[in-house]
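**Student:** sequence and predicted structure below; questions after.
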Amino acid sequence: MKDTKARKSFKCRYQTAPKKTSDQLLPDGSHIKLSAATKVAVSYSETRRRIRLFNGEAQFSIYKDISWPLIIESRQTLIRTHKSIFNMDQRYGETEVTVLEGKIIASPIKQTKNRSKVEKGETLKTTENN
């Protein structure tokens, strides 16, 4: 969505059962591939896009829109990105993020000023204690 006037609010939750997967196309053209036993919530407003990974694993393909920030969070990690493809796994008290294309800015959820740039081919793990 390049035209800010066309941005509409959108809220939805997606959840997969054990041994089931799901592919979801979002209104902005972004795409989420949910692995088994995964739960996410998506919330878009006219000014911000936000996705919350509650548990499980998902691959995110993010549509580029510099003027419409996207924040993705898990229990341990907060990610900011404009255009990227990355995998996020939230299990067992840790979040592991692997960037497949592009780059992200990641920080521990409790220390959002402690930011790391993670680029293609790199992996970042965040635990409840860091």
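**Tutor:** Now that the structure is in, tell me what you want to look at. Residues are numbered from 1 along each chain as shown.

**Student:** mind checking how far Lys113 is from Thr47?
**Tutor:** 22 Å (C-beta to C-beta, to the nearest Å). For the C-beta atoms, the positions are set from N, CA and C on the backbone; glycine is no exception.

**Student:** what stretches of this structure score poorly on pLDDT?
**Tutor:** In the predicted model, the chain carries pLDDT under 70 at residues 1-6, 130.

**Student:** who's in contact with the residue most central in space within it?
**Tutor:** Centroid-nearest residue in the chain: Ile72, 3.7 Å away (criterion: C-alpha atoms, centre = their mean). Ile72 makes contacts with Arg50, Ile51, Arg52, Leu53, Phe60, Leu78, Ile79, Thr81, Met88, as judged by C-beta atoms under 8 Å, 6 or more residues apart in numbering.

**Student:** count of neighbours near the first one?
**Tutor:** To tie it back to what came earlier, the one meant is Arg50. Using other C-beta atoms under 10 Å, Arg50 is surrounded by 15 other residues.

**Student:** where does it fall, phi/psi-wise?
**Tutor:** Dihedral pair for Arg50: phi -140, psi 140, per degrees, to the nearest 10.

**Student:** correct me, but it touches Leu70?
**Tutor:** Yes. Under the criterion of C-beta atoms under 8 Å, Arg50 makes contact with Leu70 at 7.4 Å.
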